[in-house]
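Engineer: the following comprises the amino acid sequence and a computationally predicted model.
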Amino acid sequence: MRLQMSARLRQQQRRLLMALLGLITAVEFFENTMFVFAASHIVGGISAAPREFAQVQAAYAIGSMLMIVKQQWLSRHFGYRRYLCGALLLFIIGALGCAASHNLAELTAARFVQGVGGGALFTSSRILVNMLFGPAERGRALKYFMVMIFAASAFAPALAAQLVDAHGWQWLFYGALPPAIVALAGCWLLLPETPRSDAPAPYPAWPLLLFAAAIVCLQLMLSQTRYDFFAHPLRLLFLAVAGGVLLAGFLWQQYRHPDPILHVRELHSPVYLTGLGLYFLHYFLSNFSGYLFPVYAEHALALPLTAVGWLSSIAGVAGVGIAYGYVKLGRRFASKKPLMLVGALAMALTAWWFARLPADATAASLLPGLLAKGLFSVLLVMPVAGLTFRELGDSRFAHGYQGKNLMRQIAGSISTAIAAVLMQNRQFAVHTELSGTLGADRPAVGQWLEQMQQLLQVRGFSGEQAHAGALAELARVVDHQAQLIACQDLYLLLAAAAVLTACVVALQRKLP
């Protein structure tokens with residue numbers, strides 16, 4: 001009896017550890033999903049422009065990538081338990097700093113700190129799944145891992161909308177604290193000590209600084225392209241060349257070093273490199289869509305913020321159900337390429353559907369596009385995740401996952417920055433075009449203004465007040481129409497990118 005109880009207790013502890021690893025990863029997904037969903041409210045809260053939002057995104061990505069590059073070295077010399085506890089503590093401090101920020105500089109610095117902490121979570125947790133669980137238990141551990149990630153991403157938009165609507169944008173970061181604190185306590189109490197080196201070998205700081213400088217140059221170039229391509233082409237060329245040279249220098253140094261922090265030499269597998277490319281496309285489409293949908297639904301379609309949050313979560317819940325179905329039935333598909341094609345085309349369908357909806361579209365009319373988005377969130381990335389690392393084996397898996405999460409941060413940062421900049425640029429262009437066609441000397445415009453002015457006078461306004469109100473209402477209509485057209489144009493661009501991704505999936509031969 002005691003043996004049965006002891007075995008049952010050990011089994012429960014193992015399952016709790018599986019759930020903990022999923023929670024650690026879910027903390028970052030949960031916070032990042034809330035951040036992207038409420039990006040327009042955060043930008044407004046600190047009186048920043050979309051171009052400056054790209055700077056905040058870049059700060060998180062740079063901090064995260066620096067930690068990912070250093071992850072193997074730090075975990076080896078401090079042990080995963082201490083390393084993850086320290087990373088979660090940094091993540092919490094960064095979240096508190098974000099909530100207390102009053103301007104762009106403060107938010108950028110806080111997001112950098114948060115990125116340094118967040119960069120450790122996904123890579124380390126996934127590596128620990130392989131380290132702590134043998135082949136017999138690993139399948140169950142991965143189910144816990146994936147369910148926690150998809151569930152966190154699913155419910156984050158609804159919670160973000162409730163927090164912003166009730167308390168303000170700062171509460172997005174306070175809302176991320178409870179799961180982070182629970183994960184920190186779980187790491188300290190449940191995570192076993194892993195082998196570590198007692199005498200850390202000294203490692204020069206300059207390669208990491210070289211990598212940081214390269215990423216800063218490339219991020220600045222990408223975020224400023226839409227503004228400076230014609231005005232300052234040489235500056236953009238300099239940033240691109242400088243970033244490329246610095247990154248090449250870092251990779252060459254790592255290739256030649258006997259004990260590198262990024263194991264470039266071990267990751268030349270064509271299957272792995274193809275998988276990285278498809279990962280990049282998935283994260284680019286996903287983050288671009290994640291930024292665009294709240295702006296489209298709340299501002300272009302004038303839906304309430306809380307409704308937009310729940311609509312986004314519907315797509316996430318659909319993704320959880322589809323992920324569960326994939327786990328149960330995916331092995332029956334000898335070739336995963338058809339599933340990946342369906343996933344990419346589902347995003348194209350989502351984008352095309354939203355681009356075709358009229359200005360008075362209801363929340364219910366968004367559901368077909370959202371359900372298709374749920375298909376995309378699973379059917380492209382999960383087959384890629386199952387095939388990318390198959391040639392690396394357990395010995396190189398940690399290095400491969402380190403490279404994959406570097407790719408994830410680059411794709412996520414670039415896509416949201418491009419979406420924000422394109423949105424502002426396109427909206428301004430459409431607004432200018434519409435304003436040029438709506439002069440008061442045009443008969444139809446003059447008649448509309450006169451009718452609006454008369455309506456306001458009937459409601460008790462003076463002639464001067466009614467005239468000013470009619471002009472203000474016309475400006476509001478133009479702003480709304482410019483926002484709608486800009487969102488629809490970006491959705492058409494997203495549909496084209498998704499179709500291109502489907503073509504890449506169909507043509508590649510390494511991931512069958």
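Structural biologist: Thanks, I have the structure now.
Engineer: wait, residue 127 sits on residue 397?
Structural biologist: Yes. Residue 127 is within contact range of residue 397, at 7.1 Å (criterion: CB atoms under 8 Å). C-betas here are computed from N, CA, C, even on glycine.
Engineer: domain parsing of the protein, as residue ranges.
Structural biologist: What automatic domain parsing lists as the domains of the chain is 15-49+77-192, 266-512.
Engineer: between the two ends of the first one, how far is it?
Structural biologist: Translated: domain 15-49+77-192. Criterion CA to CA, to the nearest Å; first-to-last residue distance in domain 15-49+77-192 is 14 Å.
Engineer: for the nearest residue to residue 45 once chain neighbours are set aside, give me phi and psi.
Structural biologist: Residue nearest to residue 45 in three dimensions, not counting chain neighbours: residue 169, with 4.4 Å by CB to CB, 6 or more residues apart in numbering. When read as degrees, to the nearest 10, the backbone of residue 169 gives phi -60, psi -30.
Engineer: then residue 191?
Structural biologist: Dihedral pair for residue 191: phi -70, psi 120, per degrees, to the nearest 10.
Engineer: mind listing what the residue lying closest to it once chain neighbours are set aside touches?
Structural biologist: What sits nearest to residue 191 in space, not counting adjacent residues and going by CB to CB, 6+ apart, is residue 81, at 4.5 Å. Neighbouring residues of residue 81 by CB atoms under 8 Å, 6 or more residues apart in numbering: 187-188, 191-194.
Engineer: could you do residue 404 as well?
Structural biologist: 275-276, 279, 388.
Engineer: retrieve the pLDDT associated with it.
Structural biologist: pLDDT recorded at residue 404 is 82.
Engineer: next one: residue 140
Structural biologist: On the pLDDT scale, residue 140 gets 86.
Engineer: any idea how many residues pack against it?
Structural biologist: Using other CB atoms under 10 Å, residue 140 is surrounded by 13 other residues.
Engineer: in CSV, list the contacts of residue 404 along with pLDDT, distance to residue 15 and secondary structure.
Structural biologist: Converted to CSV, those look like this (pLDDT from 0 to 100; distance: CB to CB, whole Å; DSSP: H, G, I helix; E, B strand; the rest coil):
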residue, pLDDT, distance to residue 15, secondary structure
275, 85, 29, helix
276, 84, 32, helix
279, 90, 29, helix
388, 82, 27, helix
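Engineer: neighbour-wise, which one of those leads?
Structural biologist: Among those, residue 275 has the most neighbours (other CB under 10 Å), with 27 neighbours.
Engineer: just checking, which of the contacts of residue 81 belong to strands?
Structural biologist: Using DSSP state E, no member of the contacts of residue 81 falls within strands.
Engineer: who wins for neighbours among these?
Structural biologist: Using other CB under 10 Å as the neighbour criterion, residue 187 leads the contacts of residue 81 with 25 neighbours.
Engineer: tell me the contacts of that residue?
Structural biologist: Each residue near residue 187 by CB under 8 Å, 6+ apart is listed here: 20, 24, 81, 84-85, 88.
Engineer: if we go to 10 Å?
Structural biologist: Contact analysis of residue 187 by CB atoms under 10 Å, 6 or more residues apart in numbering lists 20-21, 23-24, 80-89, 124-125.
Engineer: go through those and name the one nearest residue 357.
Structural biologist: Nearest to residue 357, judged by CB to CB, of these is residue 23 at 36.9 Å.
Engineer: in space, what's closest to that closest one - neighbours in sequence excluded?
Structural biologist: residue 183 (5.0 Å).
Engineer: what is the rounded mean pLDDT of the helix or strand containing the one you found?
Structural biologist: Using DSSP states H and E, residue 183 maps to helix 177-190. Helix 177-190 shows a mean pLDDT of 93 in the predicted model.
Engineer: could you do stretch 292-299 as well?
Structural biologist: 90.
Engineer: now that stretch, how far from the chain's geometric center?
Structural biologist: Distance of stretch 292-299 from the chain centroid (CA atoms, centre = their mean, to the nearest Å) equals 16 Å.
Engineer: and it, end to end?
Structural biologist: Start-to-end span of stretch 292-299 (CA to CA) is 11 Å.
Engineer: for the stretch 51-200 of the chain, which segments count as helices?
Structural biologist: Using DSSP state H, counting those that start in this stretch, the helices of the stretch 51-200 of the chain run over 80-99, 104-118, 121-132, 135-167, 171-175, 177-190.
Engineer: please save the CA atoms from the second one in PDB.
Structural biologist: Once side chains and other backbone atoms are set aside, the C-alpha atoms of helix 104-118 remain, and they are given as PDB (Å, rounded to 0.1, in the frame of the first residue of the first chain):
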ATOM      1  CA  LEU A 104       9.000  56.300 -24.200                       C
ATOM      2  CA  ALA A 105      12.500  56.200 -22.700                       C
ATOM      3  CA  GLU A 106      11.300  54.600 -19.400                       C
ATOM      4  CA  LEU A 107       9.100  52.100 -21.200                       C
ATOM      5  CA  THR A 108      12.000  51.200 -23.600                       C
ATOM      6  CA  ALA A 109      14.400  50.600 -20.700                       C
ATOM      7  CA  ALA A 110      11.900  48.500 -18.700                       C
ATOM      8  CA  ARG A 111      11.000  46.400 -21.800                       C
ATOM      9  CA  PHE A 112      14.700  45.700 -22.300                       C
ATOM     10  CA  VAL A 113      15.000  44.400 -18.700                       C
ATOM     11  CA  GLN A 114      11.900  42.400 -19.200                       C
ATOM     12  CA  GLY A 115      13.200  41.000 -22.500                       C
ATOM     13  CA  VAL A 116      16.500  39.900 -20.800                       C
ATOM     14  CA  GLY A 117      14.400  37.900 -18.300                       C
ATOM     15  CA  GLY A 118      11.900  36.600 -20.800                       C
END
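Engineer: that helix: which residues count as buried?
Structural biologist: 104, 107-118 (16 or more other CB atoms under 10 Å).
Engineer: ok, now the fourth one?
Structural biologist: Along helix 135-167, the positions that meet the burial threshold by neighbour count (16+ other CB under 10 Å) are 137, 141-165.
Engineer: thinking again about what came up before, from the contacts of residue 404, which is closest to residue 70?
Structural biologist: Using CB to CB, residue 276 comes nearest to residue 70 of the contacts of residue 404, at 19.8 Å.
Engineer: what residues are up against residue 15?
Structural biologist: Contacts for residue 15 (CB under 10 Å, 6+ apart) come out as 137, 140-141, 144.
Engineer: can I get those residues in a markdown table with distance to residue 499?
Structural biologist: Listed next are those as a markdown table, based on distance: CB to CB, whole Å:
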| residue | distance to residue 499 |
| --- | --- |
| 137 | 40 |
| 140 | 37 |
| 141 | 36 |
| 144 | 35 |
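Engineer: and those residues, which is closest to residue 333?
Structural biologist: Residue 333 lies nearest to residue 140 out of these, by CB to CB, at 21.2 Å.
Engineer: ok, which stretches of this structure are strands?
Structural biologist: Applying DSSP E to the chain gives no strands.
Engineer: residue 98 - how many residues pack around it?
Structural biologist: Per other CB under 10 Å, the neighbour tally for residue 98 reads 27.
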